[in-house]
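*Asks:* Next one to model:
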Amino acid sequence: MLVYLSLYSVFLIGVFIFKLFQTPLVAQAVLLSPLVFEKDIKSLGYRNLKRGLLYGSLSLPVWLLLPPSFSCWGVVLNNLGVAVAEETFFRGFMMRKLNNVAVSLLFALPHVILYQNFVSVLTFFPSLIFGWVYLRSGSILAPIIFHWVFNLSYFSLMERFPILYRSVL
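*Replies:* Model (predicted):
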């Protein structure tokens, strides 16, 4: 358990470094470190890929409500990378020792630190969904797809209602 909390603490330091200096490298390296140090990536949820794809596809109707803008493929691919890194760390790595609620609280904290708005507090709730989908599907692919779909839809919402993105501090 100490390893998990230590790695999470280093991640939070990386979030603060990113907030202060706009340098995401430390946080990104920590999020992806389980892929480097884990001998078998199946233990991180990279298994049951067909089932994960099936469960993940259940999130696609969200795009009917909030269709994402595919005009900038850099944003689309960046959000996919964020989803892979965050889900690998929080669902694949942290949920081995902690329950879904605890991991969702840990997931929301760096979002609050970075964005300091009410919407960032609400990341707790999609995180619960990502954890539930991970547990049901047995595959990290399902929450990765959910996360990617939710992020792109969120940015679509921000384009329509930019006041929601305003910082509170």
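*Asks:* Number of residues surrounding residue 151?
*Replies:* 20 (other C-beta atoms under 10 Å). In short, each C-beta sits where N, CA and C put it, glycine included.
*Asks:* And for the one 4 residues further on?
*Replies:* Taking other C-beta under 10 Å as the criterion, the count of residues near residue 155 is 17.
*Asks:* Helix or strand: which one has it?
*Replies:* helix 141-160 (DSSP states H and E).
*Asks:* For that helix, the averaged confidence score.
*Replies:* The average pLDDT for helix 141-160 rounds to 90.
*Asks:* which residues touch it?
*Replies:* With contacts defined as C-beta atoms under 8 Å, 6 or more residues apart in numbering, helix 141-160 is touched by 45-46, 48-49, 51-57, 59-60, 62-63, 65-69, 75-76, 79-80, 82-84, 86-87, 91, 126, 129-131, 133-134, 136-137, 164-165.
*Asks:* for that helix, which positions count as buried?
*Replies:* Residues of helix 141-160 classed as buried by neighbour count (16 or more other C-beta atoms under 10 Å): 141-157.
*Asks:* And the contacts of helix 141-160, which of them are buried?
*Replies:* Judged by 16+ other C-beta under 10 Å, buried ones among the contacts of helix 141-160: 45-46, 48, 52, 55-56, 59, 62, 66, 68, 76, 79-80, 82-84, 86-87, 91, 126, 129-131, 133-134, 137.
*Asks:* Give me the helices and strands touching the strand or helix carrying residue 31, please.
*Replies:* Per DSSP H and E, residue 31 falls inside helix 25-37. If contacts are counted by 3 or more C-beta pairs under 8 Å, 6 or more residues apart in numbering; DSSP states H and E, helix 25-37 sits against helix 2-21, helix 73-87.
*Asks:* any idea of the angle the helix or strand immediately after that helix in the chain forms with helix 141-160?
*Replies:* Where DSSP H and E defines the elements, the next helix or strand beyond helix 25-37 is helix 49-57. For helix 49-57 against helix 141-160, the angle by axes from the mean of the first three to the mean of the last three C-alpha atoms, to 10 degrees is 30 degrees.
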